[in-house]
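> okay, predicted coordinates and the sequence, questions at the end:
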Amino acid sequence: MGLVANNTTLSASDDMWNQLSNVRAIVFTGDGCHEMRTFPKPDPPEGGLLLKVEAVGMCGSDVAQMNGHLMVSNAVFPVVPGHETIGRVDSIRVGLKLS
């Protein structure tokens with residue numbers, strides 16, 4: 001599995017990742033609706049890092065919410081689902097503290 005950009009699947013070892021200016025993600029927009037959106041490739045925040053996501057698992061509550069069967073009362077939309085992430089550190093900003 002790899003990142004899809006410009007209809008091309010990139011493996012984790014592709015140097016093309018560094019040339020990308022945009023990334024894509026599924027976004028839950030509320031009321032059981034979802035769509036694919038394009039975002040500018042972010043820079044890591046001060047004291048943080050940028051993770052090159054290679055795969056994301058969606059848990060059962062993500063799928064239920066996507067299908068409109070589970071609406072979390074305190075959910076703030078739009079939201080990018082998926083908290084079971086596999087990736088590689090792409091870049092690190094000064095000030096990152098590891099514990």
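Done, it's in.

> could you pull out the helices for the protein?
Secondary structure of the chain by DSSP state H: the helices cover 60-66.

> for it, give me the ranges with low pLDDT.
1-17, 70-75 (pLDDT under 70).

> center of this structure - which residue?
Among the residues of the chain, the one closest to the centroid is Ala25, at 5.6 Å (Cα atoms, centre = their mean).

> who does it bridge with?
Counting by DSSP bridges, Ala25 forms beta bridges with Arg37.

> how much space separates it from Leu98?
Distance from Ala25 to Leu98, counting by Cβ to Cβ, to the nearest Å: 26 Å. Just so you know, the C-beta spots here come from the backbone N, C-alpha and C atoms, and that holds for glycine as well.

> now Arg37
Computed as Cβ to Cβ, the Arg37 to Leu98 distance reads 31 Å.

> just want to know which of the two has more residues nearby.
Arg37 (13 against 5; other Cβ atoms under 10 Å).
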